[in-house]
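Engineer: show me how the following folds:
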Amino acid sequence: MNEKIRDVAARIKGLRLLSGYTIEEVSKVLNIAAPVYEQYESGEDDIPVSLLYEISDYYKVDMTEILTGVSPKLHDVSLVKKGEGLKIERYDQYEFQSLAFKYARRKIEPLLVTLVPGKSPELVSHKGQEFNYCLEGRMKVVVNKDEYVLEPGDSLYFNSLLPHKMLAMDEKEARFITVILL
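Structural biologist: Prediction:
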C-alpha cells in the first residue's frame, strides 16, 4: 500500500485514539462495518474521499489536516497557483487536486479532477450536494440510474447522497472542476 495512504490511515487512527473511541463506535457512526473501518485505519485499504469528509466532520478537523498532517491557517483568502493544488490520491480512476486546502473551516471543497480513460470506478455517495463543470474532454456522469454526458462548458448539479460516478469518454482524459458542499 502507498506510503501516503498509510500516513492518512495513521492520522485517522490517532484521531480515534485521542478521542477515546473504539473502532466499533466510529464505524457505527460512519455506517460501515467495523472490519472495513479497521482495514482503513491499518492502511490495508484505500479510504474513499466521501468517507474522508465524514471522518473529518466527525472529529471536527479539516480534511487537509487528515491528508497532510498540517492544519490550514488561512481564514480570509487562499490563493492556490496553477499546479499547486494538494494532490489527493484516492482512486486509480480519478486524480484529485484540492484547490482550497489552505483555507481553514471551509464550507465547500473545490477540486480539480482528471478522469483516467478506460477505468470504471464504483458508485459512491456522500452527504451534501455536488457541482461538476467540465473543462476538457467528454465525461459521463452517472447519478443513480441516469447518465449525463458533459462536454467543455457543461455543468451538472446534484444531490450527492445519490450513488454517482464519473467516467472519461472517447478513450481520452477528461478534466472537470467539482465543488462539494460539505
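Engineer: quick one: the strands in this structure, in order.
Structural biologist: 86-88, 94-98, 108-115, 129-136, 139-143, 146-150, 155-159, 164-168, 174-181 (DSSP state E).
Engineer: now the angle from the third one to strand 129-136?
Structural biologist: Computed with axes from the mean of the first three to the mean of the last three Cα atoms, to 10 degrees, the direction of strand 108-115 lies at 40 degrees from that of strand 129-136.
Engineer: which residues does residue 149 contact?
Structural biologist: Taking Cβ atoms under 8 Å, 6 or more residues apart in numbering, we find residue 149 in contact with 138-141, 169. Just so you know, the C-beta spots here come from the backbone N, C-alpha and C atoms, and that holds for glycine as well.
Engineer: would you list the strands of the chain in JSON lines and tack on mean pLDDT and distance to residue 3?
Structural biologist: Shown next, in JSON lines, are the strands of the chain (pLDDT from 0 to 100; distance: least, Cβ to Cβ, whole Å):
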{"stretch": "strand 86-88", "mean pLDDT": "80", "distance to residue 3": "13"}
{"stretch": "strand 94-98", "mean pLDDT": "85", "distance to residue 3": "18"}
{"stretch": "strand 108-115", "mean pLDDT": "93", "distance to residue 3": "22"}
{"stretch": "strand 129-136", "mean pLDDT": "97", "distance to residue 3": "29"}
{"stretch": "strand 139-143", "mean pLDDT": "97", "distance to residue 3": "30"}
{"stretch": "strand 146-150", "mean pLDDT": "98", "distance to residue 3": "34"}
{"stretch": "strand 155-159", "mean pLDDT": "97", "distance to residue 3": "34"}
{"stretch": "strand 164-168", "mean pLDDT": "95", "distance to residue 3": "27"}
{"stretch": "strand 174-181", "mean pLDDT": "94", "distance to residue 3": "26"}
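Engineer: having no further points to raise, I will conclude here.
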